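1. structure for this input, please:
(one chain, ligands or ions: 1)
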Amino acid sequence: MADVIIFGVLDTAELAHFYLENDSEHHVAAFAVNREYIKESHFKGLPVVAFEDVEKLFPPSGYSFFVPMTARNMNRNREKVYLEARAKGYSFVSYISSRATVYDRSLIGENCFILEDNTIQPFTTIGHNVVLWSGNHIGHHGRIDDHVFFTSQVVLSGHCHVHSYSFFGVNATVKDYTNIAEGTLLGMASSLNKDSEEWGIYVGNPAKRVPGKLSYEAY
Ligand SMILES: CC(C)(COP(=O)(O)OP(=O)(O)OC[C@H]1O[C@@H](n2cnc3c(N)ncnc32)[C@H](O)[C@@H]1OP(=O)(O)O)[C@@H](O)C(=O)NCCC(=O)NCCS
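-> Residues are numbered from 1 along each chain as shown. Now for the predicted structure:
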């Protein structure tokens, strides 16, 4: 059981508070945002403190951190805050829904946010700072690196390697044994049947690369 500081006060922070309080052993102690974004002193009845000096009020010796942000800037905004909180000395919780099917939680890293109805098959490893929104199929013998975001109802077949910063739109599909290069963005309802290239945007069935645009320019 950990007392947790959640980063943010927007939708994902509100959802993280809900899930941690209702479906985990952890308790939320406070919210932290960058000082310039503080509008209210409390959220959900808990203090909102400046991220810049959160460690003075809630020291890493007594509190863990959770950064449940969106994938904006291809997961790199969430990575930045995660690394800053780590540099302050915090450990992180991961939330894994009790309604997810997960065979080996030790294969999942820190600061992961894994919601209901995900199926993570055996022998697949998941790095740090990975979000699996609801209802994804994560196939067996795969590897998901750090700072990755799956939205919902994505099918990642077996033996795939997902490199860091990748993003999967709703209902996307990936063929088995595919290498998803760093920063790949697979659009909603798109079907990737061959290896992708770094920071490419892929849409359609079969998915084709969107020419002349990098993923971080679109999302
Ligand atoms: C891929 C995506 C990011 C758009 O990227 P973009 O580079 O801005 O692309 P554009 O909107 O300029 O579209 C480029 C072309 O691809 C097409 N396209 C875009 N997304 C597509 C998709 N998912 N499937 C098929 N075609 C798609 C567009 O119609 C357009 O075609 P056109 O040039 O013939 O008109 C967006 O469509 C997407 O799929 N986002 C994910 C949404 C999602 O899953 N949200 C979940 C909530 S978190």
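2. going forward, measure contacts and count neighbours with C-alpha atoms only.
-> OK.
3. need the residues of the chain near the ligand, please.
-> Neighbours of the ligand within the chain, by C-alpha under 6 Å from any ligand atom: 151, 169, 170, 187, 188, 189, 190, 203, 204, 218.
4. buried subset of those residues?
-> Neighbour-count burial (16 or more other C-alpha atoms under 10 Å) applied to the residues of the chain next to the ligand gives 151, 169, 170, 187, 188, 189, 190, 203, 204.
5. want to throw those residues into CSV with distance to residue 1, secondary structure and pLDDT?
-> As requested, these are exported to CSV (distance: C-alpha to C-alpha, whole Å; DSSP: H, G, I helix; E, B strand; the rest coil; pLDDT from 0 to 100):
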residue, distance to residue 1, secondary structure, pLDDT
151, 28, coil, 98
169, 33, coil, 98
170, 33, coil, 98
187, 37, coil, 98
188, 37, coil, 98
189, 38, coil, 98
190, 40, coil, 98
203, 42, strand, 98
204, 44, coil, 98
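6. just those residues now: which is nearest residue 107?
-> residue 151 (20.3 Å; C-alpha to C-alpha).
7. next one: the closest one from residue 132, what distance?
-> Shown here: residue 151 relative to residue 132, a distance of 6 Å by C-alpha to C-alpha, to the nearest Å.
8. domain ranges for the chain, per the record?
-> Partitioning the chain according to automatic domain parsing yields domains covering residues 3-87, 95-205.
9. which of those is buried the deepest?
-> domain 95-205 (a mean of 21; mean count of other C-alpha atoms under 10 Å).
10. show me how far that domain is from its chain's centre.
-> Taking C-alpha atoms, centre = their mean, to the nearest Å, one finds the center of domain 95-205 at 10 Å from the center of the full chain.
11. what residue is smack in the middle of this protein?
-> In the chain, the residue lying closest to the centroid (C-alpha atoms, centre = their mean) is residue 131, at 2.3 Å.
12. my guess is it contacts residue 152. True?
-> No. Using C-alpha atoms under 8 Å, residue 131 is not in contact with residue 152; the gap is 10.3 Å.
13. tell me which element residue 140 falls in.
-> Assessed by DSSP states H and E, residue 140 sits outside every helix and strand.
14. quick one: contacts for it?
-> 120, 121, 122, 123, 124, 157, 158, 159 (C-alpha atoms under 8 Å, 6 or more residues apart in numbering).
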